[in-house]
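S.K.: Sequence first, then the predicted structure, then my questions.
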Amino acid sequence: MWERWNGDQMRGDPSMNSYNHYAYGAVADWIYSYGAGIDATAADAGYHTVYLHPTFDARLGSLDFSYASRYGQIHSSWSVKGSTAVWNLRIPPNATAELPLTTSQQASFSLDGAPIASSKRVHATGETGGRATYLLPAGTYSFSVAITAPAS
């Protein structure tokens, strides 16, 4: 998408040098908010609290994303092999993260080789409506996630 209505007629004009349009921004937004699962919370904006909700999809194969927040670099990378996603995550100092998981998702997540529910590195805030939110302090995490194939 061009920024100007007559952009297709101005390809040789140096003032027409931007393709920075919402359509491209929407793709970037999906990559970091959903693909990588890095999002801010309305109650604690600025990535002081990082809201995590990655989309592991074998069709993408892998994803490696970093964001330089004011608290430090947030990093999310994952790769899918077969029915397992390996997700490596870094939460910077002075930040925390929230990972909401449904009951079925909790059973599929393991942290450092142990089920997430029994990990001493994260803290569940309780369950509401079949969903628990795990709080992750600053640090580096390696999750293994059992995934199912997406519907075609």
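M.R.: Cool, got the structure. Residues are numbered from 1 along each chain as shown.

S.K.: So which helix or strand of the chain has the lowest pLDDT on average?
M.R.: Of all the helices and strands that make up the chain, helix 22-30 has the lowest average by mean pLDDT, DSSP states H and E, namely a mean of 72.

S.K.: Could you list the low-pLDDT ranges of the chain?
M.R.: Judged against pLDDT under 70, the low-scoring parts of the chain cover residues 1-25, 149-152.

S.K.: any idea where the helices of it begin and end?
M.R.: Assigned by DSSP state H, the helices in the chain fall at 22-30, 103-108.

S.K.: For the last one, name the packing helices and strands.
M.R.: Contact partners of helix 103-108 among helices and strands, from 3 or more CB pairs under 8 Å, 6 or more residues apart in numbering; DSSP states H and E: strand 131-146. C-betas here are computed from N, CA, C, even on glycine.

S.K.: what's across from residue 76 in the sheet?
M.R.: Counting by DSSP bridges, residue 76 forms beta bridges with residue 65, residue 89.

S.K.: Give me the number of neighbouring residues for residue 38.
M.R.: For residue 38, the neighbour count with other CB atoms under 10 Å is 25.

S.K.: Who are the contact partners of residue 75?
M.R.: Counting by CB atoms under 8 Å, 6 or more residues apart in numbering, residue 75 touches 65-67, 88-90.

S.K.: Give me the buried entries from the residues you listed.
M.R.: The neighbour-count test (16 or more other CB atoms under 10 Å) applied to those identifies 65, 89-90 as buried.

S.K.: export these to CSV and tack on distance to residue 35?
M.R.: Conversion of the buried ones among the contacts of residue 75 to CSV gives the following (distance: CB to CB, whole Å):
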residue, distance to residue 35
65, 7
89, 14
90, 17
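
S.K.: Just give me the residue right at the centre of the chain.
M.R.: Nearest residue to the geometric centre of the chain (CA atoms, centre = their mean): residue 37, 1.3 Å.

S.K.: pretty sure it is in contact with residue 57, am I right?
M.R.: No - applying CB atoms under 8 Å, one finds residue 37 not in contact with residue 57, separated by 11.6 Å.

S.K.: Skipping adjacent residues, who's closest to residue 35 in space?
M.R.: Sequence neighbours aside, residue 63 is the residue nearest to residue 35 in space, at 5.2 Å (criterion: CB to CB, 6 or more residues apart in numbering).

S.K.: how near is the one you found to residue 113?
M.R.: According to CB to CB, to the nearest Å, residue 63 and residue 113 sit 22 Å apart.
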